[in-house]
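S.K.: dropping the sequence and predicted coords here.
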Amino acid sequence: MIDATTRQMIIAPSLLAAKFSRLATETARASESGAPWLHLDIMDGHFVPNISFGPAVVKSIRPFTKMVFDVHLMCSKPDILLDPFAKAGADRMTVHVELGQQVEPLIWKIRSLGKQVGLAINPPTAMASLEPFLERVDSLLIMTVNPGFGGQEFITECLTKIQQAAAWREKRGCKYRIAVDGGIHNATASSCAAAGADTFISGTGLFAHRNLRAAVAKMQKIVEKSAASGAA
Ligand code: DX5
Ligand code: ZN
């Protein structure tokens, strides 16, 4: 059985915090950092009060790295975007559980496109809304800020959600990863790892560092240590 001591800890820099004026260079910098995933925040100006970038931008940066493209759709109608993002080079696509009736067909469609499925939950949303989908997703993304902007402060109350996700995973023998997103820097990543998270999405916590490779390595070391002590 995979437990916190054997599960690979994944650090995923979020491109939202990169310099948009030179995305190709920033993508290459992320690639050279050694982080396996690049997190791509898609905001539609409706589900969240901000707009980021779309499939054309994702397609344009795809040649600059072999990293897993982890597309986080903060969008009211992601169904119209799944095909375009799949074609643009997404490897994983995460949709929000707040979309209610849309979730079931979205999971099905992401799967049918041959992509990994993620399900995200906002801080105010009850964890029970995730329960019907636990057996069918590759990752749960616990938002640790209200989505829409980088650089916000981590909401400590979300730690209990990570613990709940980890408890379900163990009890039901599920295989999903537990990702955290928002306000993740070394200290908060450590708390999340101890609570059961294994995937750490970080924008300003990583891209603010001139030496991204060193920042990723440091966070990796910290979460591995905290996961091991949290599991002990
Ligand atoms: C927030 C996004 C996050 C964002 C995190 O709505 O989903 O992925 O990039 O940014 P930081 O790490 O700066 O809080
Ligand atoms: Zn995100």
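M.R.: Alright, I've got the coordinates. Ligands and ions are numbered 1, 2, ... in the order given.
S.K.: quick check, the residue in this protein closest to ligand 2?
M.R.: His72 (3.7 Å; CB to the ion). (C-beta placed from N, C-alpha, C; glycine too.)
S.K.: helix or strand: which one has that residue?
M.R.: If you go by DSSP states H and E, His72 is part of strand 68-74.
S.K.: what are the buried residues along that strand?
M.R.: Val68, Phe69, Asp70, Val71, His72, Leu73, Met74 (16 or more other CB atoms under 10 Å).
S.K.: can you redo these as a markdown table with distance to ligand 1 and pLDDT?
M.R.: Formatted as a markdown table, the buried residues of strand 68-74 follow (distance: CB to the nearest ligand atom, whole Å; pLDDT from 0 to 100):
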| residue | distance to ligand 1 | pLDDT |
| --- | --- | --- |
| Val68 | 15 | 98 |
| Phe69 | 13 | 98 |
| Asp70 | 9 | 99 |
| Val71 | 11 | 99 |
| His72 | 5 | 99 |
| Leu73 | 10 | 99 |
| Met74 | 6 | 98 |
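S.K.: return the residues of this structure in contact with ligand 2.
M.R.: Contacts of the chain with ligand 2, taken as CB under 5 Å from the ion, map to Asp41, His72, Asp181.
S.K.: is the first one in a helix, a strand, or coil?
M.R.: Taken by DSSP: H, G, I helix; E, B strand; the rest coil, the conformation at Asp41 corresponds to strand.
S.K.: packing partners for the strand holding His72?
M.R.: If you count contacts as 3 or more CB pairs under 8 Å, 6 or more residues apart in numbering; DSSP states H and E, strand 68-74 packs onto strand 37-43, strand 92-96, strand 116-121.
S.K.: mind checking these for the one nearest to Ser229?
M.R.: Closest to Ser229 of those is strand 37-43 (CB to CB; 24.1 Å).
S.K.: centre of the chain versus that closest one, how much separation?
M.R.: From the chain centre to the centre of strand 37-43 is a distance of 8 Å (CA atoms, centre = their mean, to the nearest Å).
S.K.: so how far is the strand holding His72 from its chain's centroid?
M.R.: Its chain's C-alpha centre and that of strand 68-74 lie 7 Å apart, by CA atoms, centre = their mean.
S.K.: reformat the helices and strands packed on strand 68-74 as TSV; add mean pLDDT.
M.R.: Shown next, in TSV, are the helices and strands packed on strand 68-74 (pLDDT from 0 to 100):
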stretch	mean pLDDT
strand 37-43	98
strand 92-96	99
strand 116-121	98
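S.K.: which of these is buried the deepest?
M.R.: Highest mean neighbour count among the helices and strands packed on strand 68-74 (mean count of other CB atoms under 10 Å): strand 92-96, with a mean of 27.
S.K.: I'd like the next helix or strand past that one.
M.R.: The helix or strand immediately downstream of strand 92-96 is helix 103-112, counting by DSSP H and E.
S.K.: quick one, what contacts Gln163?
M.R.: For Gln163, the contacting residues are Ala195, Gly196, by CB atoms under 8 Å, 6 or more residues apart in numbering.
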